[in-house]
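Q: Only the shape, not the letters, is given here:
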């Protein structure tokens, strides 16, 4: 038997027909909720020109995405702990209601400021949807069957990523941009009804009245909000070393100390110390943080590369990027056959090692090259990352009991989201630095791509953009190597799976 064989426990006894139907209805609700969260950013991005044309506020439109991302990220740990304390169902219901309320309010927004505020309300619900859906997926199935639900969720994510821009474009072209938010209402209402009707959690013994660390929740929310705002807006709304940037980072670091102090004194902390004291969870958190970091290279910079360097139209450039959403879920679904033989850690290392090589190969593509070359690399990258992410999530969820699963899942997703935010700031600075060096002056990616669109000095600018994106991909390869080393050094060779 391979090392990984001992990690897989026997499946739970077969459900009756009634239980199977109920579980199927809950799975359908989870897939609908995942679709809402996955569609959000891609469907909104296509409507930005129409939104700005109607509401104005061009200088603020980036907050349509940043505000939502901040709200999702900083609430993940809070919702994770609440789901462990009160159960998944109430948290998921609250999240769905908040998301639908935010969607309705976004549809009636009267200016850019109100739309951003309502997007934050959406994000407060989105944090509950993302974390609780992943936690419930582990609750519903024994370890041996979890790849089934996870592959379904991965497929929903992939289809949403591909379909989002098209759906958004159709709604904007034939209806109105407000419909990109109104379309959430019937889908979310159906998911909410299925959850209320069919999700029945077993009653669990409680040692007493649940105690909620509200002071810790507020401190985590404030700390995360300040630091993530500094990362998102630094180098964009103001220079990195300007007074606003330094003030935000200083305030954020002070709030970190407050969070540590409050959480150490709390009876039931929002971020318990065991999340970082247990080797398996700490290693997975750091590895998924590195995943978030490296994902910025393709998701943010590849479309610019495809249009500016390869000369592709926006639709074709989008295809180059979205191709990885086809191979990722397929690889994730098949990963169970690998980790059953060699274990969770080794499977994830195999996937991330391949991802590091693929990312490292990108700068060696010929200039200007052909579209099939980065497309092939993205197809391979999706397959590699599917082999990396899913075994880690399933593995780490299987090392904790029910009362710790929500917190554990939320910590993993929080680290991945934070890694993406750090990656956007870090690689944005790298790209702009390379452009300035190549063009002999202060330049940034936005101004260079605008100049390229106008036809001014196209060849030097194309080469500068190619060099900048190559540097970003080298940084992403470094992040992949870091994840590999973290798993090699910190993660146990065999995850301490709890018998179900």
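A: Alright, I've got the coordinates. As the structure is a computational prediction, the values presented were derived from the model and not from experiment.
Q: For the host helix or strand of residue 228, the averaged confidence score.
A: For residue 228, the host element (DSSP states H and E) is helix 214-233. The average pLDDT within helix 214-233 is 84.
Q: The helix or strand following it - contacts with which helices or strands?
A: For helix 214-233, the succeeding helix or strand toward the C-terminus, using DSSP H and E, is helix 243-265. Helix 243-265 sits against helix 214-233, with contacts defined as 3 or more C-beta pairs under 8 Å, 6 or more residues apart in numbering; DSSP states H and E. Where you see a C-beta, it was placed from the backbone N, CA and C, and this is true even at glycine.
Q: Name the surrounding residues that touch the helix it packs on.
A: With contacts defined as C-beta atoms under 8 Å, 6 or more residues apart in numbering, helix 214-233 is touched by 66, 69-70, 73-75, 77-78, 81, 244-245, 248-249, 251-252, 255-256, 258-259, 262-263, 266, 269-271, 418, 421-422, 424-425.
Q: quick one on the thing from earlier: quick one: the helix holding residue 228 to helix 243-265, angle?
A: Going by axes from the mean of the first three to the mean of the last three C-alpha atoms, to 10 degrees, helix 214-233 is angled at 150 degrees with respect to helix 243-265.
Q: Can you mark which positions in helix 214-233 are buried?
A: By 16 or more other C-beta atoms under 10 Å, the buried positions in helix 214-233 come out as 215-217, 219-233.
Q: can you list the domains in the chain?
A: Per automatic domain parsing, the structural domains of the chain span 1-9+17-200, 213-267, 272-500.
Q: First residue to last residue on the shortest one, what's the distance there?
A: To tie it back to what came earlier, the one meant is domain 213-267. Domain 213-267 has its terminal residues 8 Å apart, counting by C-alpha to C-alpha, to the nearest Å.
Q: Pull the residues that contact stretch 88-100.
A: For stretch 88-100, contacts defined as C-beta under 8 Å, 6+ apart pick out 33, 36-37, 79, 82-83, 121-122, 124-129, 132-133, 135-136, 139, 184-185, 188-189, 191-192, 195-196, 199, 201, 406.
Q: PyMOL command to pick out the buried ones of the residues you listed?
A: A single PyMOL command selects the buried members of the contacts of stretch 88-100 (16+ other C-beta under 10 Å):
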select buried, resi 33+36+37+79+82+83+121+122+124+125+126+127+128+129+132+133+135+136+139+184+188+191+192+195+199+406
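Q: Which of the contacts of stretch 88-100 fall in strands?
A: Using DSSP state E, the subset of the contacts of stretch 88-100 located in strands is empty.
Q: The nearest residue to residue 287 once chain neighbours are set aside in helix, strand or coil?
A: Excluding the flanking residues, the one nearest residue 287 by C-beta to C-beta, 6 or more residues apart in numbering is residue 483, at 4.5 Å. What DSSP: H, G, I helix; E, B strand; the rest coil gives for residue 483 is helix.
Q: List the contacts of residue 483.
A: Residues near residue 483 by C-beta under 8 Å, 6+ apart: 286-287, 290-291, 294, 352, 388.
Q: make it 7 Å
A: Shown in contact with residue 483 (C-beta atoms under 7 Å, 6 or more residues apart in numbering): 287, 290-291, 352.
Q: So for it, what's the pLDDT?
A: 96.
Q: just how off-centre is the helix ranked longest in the chain within its chain?
A: Among the segments of the chain that qualify as a helix by DSSP state H, the longest is helix 402-439. Averaging C-alpha positions (C-alpha atoms, centre = their mean, to the nearest Å) puts helix 402-439 9 Å from its chain's average.
Q: I would like the residues contacting stretch 245-252, please.
A: Residues contacting stretch 245-252 (C-beta under 7 Å, 6+ apart): 223, 226-227, 229-230, 234, 238-239.
Q: Please, where are all the helices along the stretch 101-250 of the chain?
A: Using DSSP state H, counting those that start in this stretch, the helices found in the stretch 101-250 of the chain span residues 112-140, 146-174, 179-182, 184-198, 214-233, 243-265.
Q: how about the ones you listed in JSON lines, adding distance to residue 438?
A: JSON lines is the format used below for the helices of the stretch 101-250 of the chain (distance: least, C-beta to C-beta, whole Å):
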{"stretch": "helix 112-140", "distance to residue 438": "35"}
{"stretch": "helix 146-174", "distance to residue 438": "31"}
{"stretch": "helix 179-182", "distance to residue 438": "38"}
{"stretch": "helix 184-198", "distance to residue 438": "43"}
{"stretch": "helix 214-233", "distance to residue 438": "25"}
{"stretch": "helix 243-265", "distance to residue 438": "25"}
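Q: Now tell me which of those the model trusts least on average.
A: Confidence, taken as mean pLDDT, is least for helix 146-174 of the helices of the stretch 101-250 of the chain (a mean of 77).
Q: Distance from that helix to the middle of the chain?
A: On C-alpha atoms, centre = their mean, the centre of helix 146-174 falls 14 Å from that of its chain.
Q: in that helix, what's buried?
A: Residues of helix 146-174 classed as buried: 146-147, 149-165, 167-168, 171-172 (neighbour count, 16+ other C-beta under 10 Å).
Q: Also stretch 488-500?
A: Buried positions in stretch 488-500, judged by neighbour count with 16+ other C-beta under 10 Å: 490-491, 494-495, 497.
Q: Now for those: which two are most distant?
A: Using C-beta to C-beta, the two most remote members of those are 490 and 497, lying 17.5 Å apart.
Q: Next, the nearest residue in space to residue 47 that is not next to it in sequence: phi, psi?
A: Distance criterion C-beta to C-beta, 6+ apart; nearest residue to residue 47, sequence neighbours excluded, is residue 177 at 4.2 Å. Main-chain dihedrals, residue 177, degrees, to the nearest 10: phi -60, psi -30.
Q: Report how many residues lie close to residue 177.
A: 22 (other C-beta atoms under 10 Å).
Q: thought it was touching residue 45?
A: No - using C-beta atoms under 7 Å, residue 177 makes no contact with residue 45, being 11.6 Å away.
Q: what's near enough to touch the spatially most central residue of the chain?
A: Nearest to the mean C-alpha position of the chain, counting by C-alpha atoms, centre = their mean, stands residue 417 at 5.0 Å. Residue 417 sits next to 72-73, 76, 292 when contact means C-beta under 7 Å, 6+ apart.
Q: try residue 103
A: Contact analysis of residue 103 by C-beta under 7 Å, 6+ apart lists 122, 181, 184-185.
Q: Which members of the residues you listed are the farthest-apart pair?
A: Largest pairwise distance in these, by C-beta to C-beta, is 12.1 Å, between 122 and 185.
Q: between the contacts of residue 417, which is nearest residue 282?
A: Taking C-beta to C-beta as the measure, residue 282 sits nearest to residue 292 out of the contacts of residue 417, at 15.9 Å.
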